[in-house]
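In: Here is a sequence together with a model predicted from it:
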Amino acid sequence: MNPDIARRAEAFHALHQGPELLVLANAWDAASARLFESLGAKAVATTSAGVAWAHGYPDDDTLPLERLLATVSAITRVIQVPLTVDIEGGYSDDPAEVGATVARLIEAGAVGINLEDGTGSPAALCEKLAHVKQASQRLGVRLFVNVRTDVYLRGLVPEAQRQQETLARAEQYRAAGADGLFVPALVDTAGLQAIAKGTTLPVNAMVHPGLPDGRELQRLGVRRLSSGASIPKALWSQASALVSAFLADGRSEPLCNGAASYVEVNAMMKPASRA
């Protein structure tokens, strides 16, 4: 295994233990990842939705695995910072297949993953975790496994029970080898603080209406903040408006005013260290 991958994995673990909140802008291809790195991102994450959409597939475990692996390889070719990959539910219900998939992702340069429980049982996710950890150990890379629980996102239990259910799952996942806990759609300060205090796993929040800003999240004990699919959704909306206007009137100005220059964008794709 490339020692640089193991080094990046250790660096990614360290980012979750530092004094600052780890803020991750979620990329969907090599160009967006390179842009985020150039703007100072200490690590890059992928968004499963954004990657799927970029290839013309809907989100929710429909992206062909080879397309995901190609995307990971393309991203790690152009960035120097750690990359963590959203693999949804692992693209299989078979824990052994999930482990094999993760091994291929590590070989492609990923040093972290998001793995979600969705509507499945915690026990099923724990089985996947076991195989993921075995694959990571076999390759000599301390992969950071961030487990996403959808208790809040999907309303898996009544509201009054969600905090307790999330913490119960957190303990199961920690015991099975998880390195982080991702709780999307949890936005209230009391709940975020209670979850952060109730588990030893670094807690990951996701951009959502009503979510406190980074400084407040750090005060509450949250260790990581992800943009999720928010950036590609915002860009999709802006692109729709630009293209609709262009198709209607053919005017150049709206497409040219404020646009990045060709030279700037092209130069960004040729970082000096990889020239």
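Out: Okay, I see it. Numbers count the residues shown, from 1 in each chain.

In: residue ranges for the helices of the stretch 51-200 of the chain, please.
Out: Ranges of helices in the stretch 51-200 of the chain, per DSSP state H, counting those that start in this stretch, are 65-78, 95-107, 122-139, 162-175, 189-198.

In: do you know which of those helices lies nearest residue 257?
Out: Proximity to residue 257 (Cβ to Cβ) singles out helix 65-78 among these, at 28.3 Å. In short, each C-beta sits where N, CA and C put it, glycine included.

In: Could you figure out how far the closest one is turned away from helix 95-107?
Out: For helix 65-78 against helix 95-107, the angle by axes from the mean of the first three to the mean of the last three Cα atoms, to 10 degrees is 30 degrees.

In: when you give positions from now on, start the count at 576
Out: Shifting the count to begin at 576 puts that one at helix 640-653.

In: If you count neighbours, what's buried in helix 640-653?
Out: Neighbour counts over helix 640-653 (16 or more other Cβ atoms under 10 Å) mark 643-644, 646-651, 653 as buried.

In: Identify the residues contacting that helix?
Out: 602-605, 608-609, 619, 621, 626, 629-630, 632, 658, 660, 662, 666, 676, 679-680, 683-685, 844, 846, 849 (Cβ atoms under 8 Å, 6 or more residues apart in numbering).

In: Quick one, which of the residues you listed are buried?
Out: Here, 16+ other Cβ under 10 Å leaves 602-605, 608-609, 619, 621, 626, 629-630, 658, 660, 662, 666, 676, 679-680, 683-685 buried among the contacts of helix 640-653.

In: mind listing which of these are in strands?
Out: 602, 619, 621, 658, 660 (DSSP state E).

In: Next, format those residues as JSON lines and append pLDDT.
Out: Formatted as JSON lines, the entries for those read as follows, by pLDDT from 0 to 100:
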{"residue": "602", "pLDDT": "98"}
{"residue": "619", "pLDDT": "98"}
{"residue": "621", "pLDDT": "98"}
{"residue": "658", "pLDDT": "98"}
{"residue": "660", "pLDDT": "98"}
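
In: I'd like to know which of the residues you listed is nearest to residue 763.
Out: Distance to residue 763 across those (Cβ to Cβ) is lowest for residue 621, with 27.6 Å.

In: Test my guess that the closest one contacts residue 600.
Out: No - using Cβ atoms under 8 Å, residue 621 is not in contact with residue 600, being 10.5 Å away.

In: re the thing from before, so which of the ones in strands among the buried ones among the contacts of helix 640-653 is the closest to residue 750?
Out: residue 660 (23.6 Å).

In: these two touch, right, that closest one and residue 686?
Out: No - assessed by Cβ under 8 Å, residue 660 is found out of contact with residue 686, at 9.1 Å.

In: what about this structure, any weak spots by pLDDT?
Out: The model of the chain has pLDDT under 70 over residues 846-850.

In: for it, what's the longest helix?
Out: helix 805-824 (DSSP state H).

In: Going C-terminal from that one, what's the next secondary structure element?
Out: helix 828-831 (DSSP states H and E).

In: List the buried residues in that following helix.
Out: Buried residues in helix 828-831 (16+ other Cβ under 10 Å): none.
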